[in-house]
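Trainee: Kindly return the folded structure for what I paste below:
(chains A and B)
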Amino acid sequence: MRNIGVIIKKQIKDTLKNKTVLIQFVMFPVLTLIFEHAINIPDMPELFFTKLFSVMYMGMAPLTAVASIIAEEKEKNTLRVLTMANVKAWEYLAGIGIYVWTICMAGAGVMATTLSSGDIPFYLGVMAAGFLISIAIGACIGIIAANQMAATSLSLPVMLVFSFMPMLAMFNDKIEKVAGIFYTQQIRELLGSMTFDGIKTETMLVVAVNALLALILFFVAFKRKGLE
Amino acid sequence: MIRANSICKSFAGKQVLSGIDLDIKPGTIFGLLGPSGAGKTTLIKILTGQLGFDSGDVRVLGKDVRTLTGTDKKQIGIMMDNHGIYERMSCVDNLKIFADIYQVGQSKVMTTLTQVGLADSAKKPAMKLSKGMRARLQLARVLMISPKLLFLDEPTSGLDPMTMKYIHKLILDCKASGCTIFLTTHNMEEASVLCDEVALLNEGKIVDRGAPEDLCRRYNHQKTINIHLKSGEDIELPHSEKSAGEIMSLMTQGKIETIHSSEPTLETVFIELTGRRLEDSEEVKYA
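Mentor: Coordinates of the predicted model:
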């Protein structure tokens, strides 16, 4: 457990100096605050930007951050040095996962300031679940990719699908049908209703299947490649 | 401290190590010499438990390498030739991470940085360090834990002579404190200066081993004495009574400027044994 704490501490120090990762965590919360307060178009759905950017944040930030952190550590051999120092693979992954999840939750907390206080627990609960799925997918990419370049090439299309499909689904019925199989689209719909009442079984099923697939992919990737 | 019997390792059907035997005594520096691709790093990875092996037996700190516990591993320092430094972090922060992992007191961080001559650069981000400073930072990371056993994979590769000497001093200080050191190198001068025993590794096999000076004496086939006279003339004499008389005569006449015996270096021993140079993987012809 102590090693997990060391990894989190290390990651906090590193992220403060890593603008590429830092910007991913900060960009959407800041954009949400600016857009919600600065733009007011008649007939625009309530909290349009909060809901839109939340889904994009969920599909983008944790996924790319985890993938790029793991890939960089592999490329620079720091991961090998950690494992030689007897840090177990699960301790490392747990440390990175907990760190990214916490930072993303903090970002979601900032975005939640635009909501009414009654909606915040629901919002944070849904976001927390979505972040976990994205982290598992990001870890999977980080494990598969040999270096940062490969991680970017792999995570970009995945990230685009998960974060942009829900946005495009708002304008096209066919895309909406396809996007329905992704957890981000289902979470967008959950955020649209902002209530546990009347949650569709289909929604829960899609999110659960997405989570299960992400976990299976993660374990398969880890079993085949480890953290080498 | 390290005992290995008949280690064999192959990758995709290619035999990388075959029948490696080692017996390294505590408190000594053991050097593994070989050209690039000879299997040095593979052997270090096996001895440190980073890599499995096909057959044989490896005991480190008196235990099967596959059963080493976290506590055992805390007594082993490993410095591989690839850097593994957190570039954006300062030297202090780089060491603090490992001080936390190894549960070493934070005061040891500055002490070790001073020991390796990086105290003035303690707050500097690692990305701004020179190659020599990075090597010292890497060494600091392993010295900080005061290891019983230290593995160094080409610790001075590509460094300038001054930094190399500095690192040699640190390694010898570490040995003086009772640490056993296993180092790989393709620098025969480094091996001669540092090692109590060396093994020559070629194509996955140890072709000979012994104390550096013993090895050089053993392969001294030429047994000649080279004399450079003040007149500029060079003379080569065989080891014989007649030569002794001739040398005495030249000395009494004050004609000798320099005189050398012609023991081979580890480099020439290696070439004789394998037909290859130590510093590269290129095959060379030898007389």
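Trainee: element containing the residue nearest the centre of chain A, please.
Mentor: Nearest to the mean C-alpha position of chain A, counting by Cα atoms, centre = their mean, stands A:Pro62 at 3.2 Å. Taking DSSP states H and E as the definition, A:Pro62 sits inside helix A:48-75.
Trainee: what distance separates the next helix or strand after that helix from the centre of its chain?
Mentor: Moving toward the C-terminus from helix A:48-75, the next helix or strand (DSSP H and E) is helix A:78-84. Mean-position distance between helix A:78-84 and its chain equals 25 Å (Cα atoms, centre = their mean, to the nearest Å).
Trainee: So for helix A:78-84, what gets flagged as buried?
Mentor: Buried residues in helix A:78-84, counted by 16 or more other Cβ atoms under 10 Å in any protein chain shown: A:78-84. Backbone N, C-alpha and C define where each C-beta goes, glycine included.
Trainee: List the buried residues in whichever helix or strand B:Phe182 is part of.
Mentor: Assigned by DSSP H and E, B:Phe182 belongs to strand B:180-185. By 16+ other Cβ under 10 Å, the buried positions in strand B:180-185 come out as B:180-185.
Trainee: wait, does it contact chain A?
Mentor: No. Using Cβ under 8 Å from any Cβ of the partner chain, strand B:180-185 stays clear of chain A, with a minimum separation of 14.3 Å.
Trainee: Quick check: next helix or strand after that strand?
Mentor: helix B:188-194.
Trainee: Report all helices and strands that that following helix contacts.
Mentor: Under the contact definition 3 or more Cβ pairs under 8 Å, 6 or more residues apart in numbering or on different chains; DSSP states H and E, helix B:188-194 sits against strand B:29-33, helix B:161-176, strand B:180-185, helix B:212-218, helix B:266-274.
Trainee: Now do the SS call for the residue lying farthest from the centre of chain A.
Mentor: Residue farthest from the centre of chain A, counting by Cα atoms, centre = their mean, is A:Pro42 at 31.3 Å. Of the three states, A:Pro42 takes coil under DSSP: H, G, I helix; E, B strand; the rest coil.
Trainee: Next one: it from A:Ala151, what distance?
Mentor: Distance of A:Pro42 to A:Ala151, given as Cβ to Cβ, to the nearest Å: 43 Å.
Trainee: from the buried residues of strand B:180-185, which is closest to A:Ile181?
Mentor: Closest approach to A:Ile181 among the buried residues of strand B:180-185 (Cβ to Cβ): B:Thr184, at 52.8 Å.
Trainee: Is the closest one bridged to anything, and to what?
Mentor: Beta-bridge partners recorded for B:Thr184 (DSSP bridges): B:Leu32, B:Asp153.
Trainee: ok, residues contacting the strand holding B:Phe182?
Mentor: Residues outside strand B:180-185 that contact it (Cβ atoms under 8 Å, 6 or more residues apart in numbering or on different chains): B:1-2, B:24-34, B:40-41, B:43-44, B:47, B:148-157, B:171, B:174-175, B:191, B:194-195.
Trainee: Low-confidence bits of the stretch 151-287 of chain B, can you list those?
Mentor: The model of the stretch 151-287 of chain B has pLDDT under 70 over residues B:221-222, B:276-287.
Trainee: Closest residue of it to chain A?
Mentor: Going by Cβ to the nearest Cβ, chain A is nearest to B:Phe151 of the stretch 151-287 of chain B, at 9.4 Å.
Trainee: In contact with B:Thr274, which residues?
Mentor: Each residue near B:Thr274 by Cβ under 8 Å, 6+ apart is listed here: B:200, B:202-203, B:207.
Trainee: just the buried members of those?
Mentor: Among those, those classed as buried by 16+ other Cβ under 10 Å are B:200, B:202-203, B:207.
Trainee: B:Ala119 is in contact with B:Leu113, isn't it?
Mentor: Yes. With contacts counted by Cβ atoms under 8 Å, B:Ala119 reaches B:Leu113, the gap being 5.1 Å.
Trainee: Tell me which of these two has more neighbours.
Mentor: B:Leu113 (22 against 14; other Cβ atoms under 10 Å in any protein chain shown).
Trainee: close to chain A, is the helix or strand hosting the more buried one?
Mentor: For B:Leu113, the enclosing helix or strand under DSSP H and E is helix B:107-115. No. Contact of helix B:107-115 with chain A is not found when judged by Cβ under 8 Å from any Cβ; the minimum separation is 13.9 Å.
Trainee: how about the CA coordinates for that helix, as CSV?
Mentor: Output in CSV follows, covering the C-alpha atoms of helix B:107-115 (Å, rounded to 0.1, in the frame of the first residue of the first chain):
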residue,chain,number,x,y,z
SER,B,107,18.5,12.8,5.1
LYS,B,108,20.3,10.2,3.1
VAL,B,109,19.1,11.9,-0.1
MET,B,110,21.3,15.0,0.3
THR,B,111,24.2,12.9,1.8
THR,B,112,24.2,10.7,-1.3
LEU,B,113,23.9,13.6,-3.7
THR,B,114,27.0,15.2,-2.0
GLN,B,115,28.8,11.8,-2.2
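Trainee: contacts for that helix?
Mentor: Outside helix B:107-115, the residues within contact range by Cβ under 8 Å, 6+ apart are B:91-92, B:95-96, B:99, B:119, B:122, B:140, B:143-144, B:170.
Trainee: So which of those are in helices?
Mentor: Among the contacts of helix B:107-115, the members falling in helices are B:91-92, B:95-96, B:99, B:140, B:143, B:170 (criterion: DSSP state H).
Trainee: Just the buried ones from those residues?
Mentor: B:91-92, B:95-96, B:99, B:140, B:143, B:170.
Trainee: Farthest pair within the residues you listed?
Mentor: With Cβ to Cβ as the measure, no two of those lie farther apart than B:Lys96 and B:Leu170, at 20.4 Å.
Trainee: Which helix or strand contains B:Asp57?
Mentor: Assigned by DSSP H and E, B:Asp57 falls within strand B:55-60.
Trainee: Show me what that strand pairs with in its sheet, parallel or antiparallel.
Mentor: Applying DSSP bridges to the sheet, strand B:55-60 is found paired with strand B:2-11 (antiparallel), strand B:63-64 (antiparallel).
Trainee: what is the rounded mean pLDDT of the first one?
Mentor: Read it as strand B:2-11. What strand B:2-11 shows for mean pLDDT is 90.
Trainee: just stretch A:109-128 next, same as before
Mentor: 92.
Trainee: export that stretch as PDB, just CAs?
Mentor: The C-alpha coordinates for stretch A:109-128 follow below in PDB (Å, rounded to 0.1, in the frame of the first residue of the first chain):
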ATOM      1  CA  GLY A 109     -16.200  18.900  -9.100                       C
ATOM      2  CA  VAL A 110     -15.300  22.200 -10.700                       C
ATOM      3  CA  MET A 111     -17.700  21.500 -13.600                       C
ATOM      4  CA  ALA A 112     -20.400  20.500 -11.000                       C
ATOM      5  CA  THR A 113     -20.300  24.100  -9.600                       C
ATOM      6  CA  THR A 114     -22.700  25.000 -12.500                       C
ATOM      7  CA  LEU A 115     -25.300  22.500 -11.300                       C
ATOM      8  CA  SER A 116     -27.900  22.800  -8.600                       C
ATOM      9  CA  SER A 117     -26.700  21.300  -5.300                       C
ATOM     10  CA  GLY A 118     -29.300  18.500  -5.500                       C
ATOM     11  CA  ASP A 119     -27.900  17.300  -8.800                       C
ATOM     12  CA  ILE A 120     -24.300  17.200  -7.800                       C
ATOM     13  CA  PRO A 121     -24.200  13.700  -6.100                       C
ATOM     14  CA  PHE A 122     -25.900  12.100  -9.100                       C
ATOM     15  CA  TYR A 123     -23.600  13.900 -11.500                       C
ATOM     16  CA  LEU A 124     -20.400  13.000  -9.600                       C
ATOM     17  CA  GLY A 125     -21.600   9.300  -9.200                       C
ATOM     18  CA  VAL A 126     -22.100   9.000 -12.900                       C
ATOM     19  CA  MET A 127     -18.900  10.700 -13.800                       C
ATOM     20  CA  ALA A 128     -16.900   8.500 -11.300                       C
END
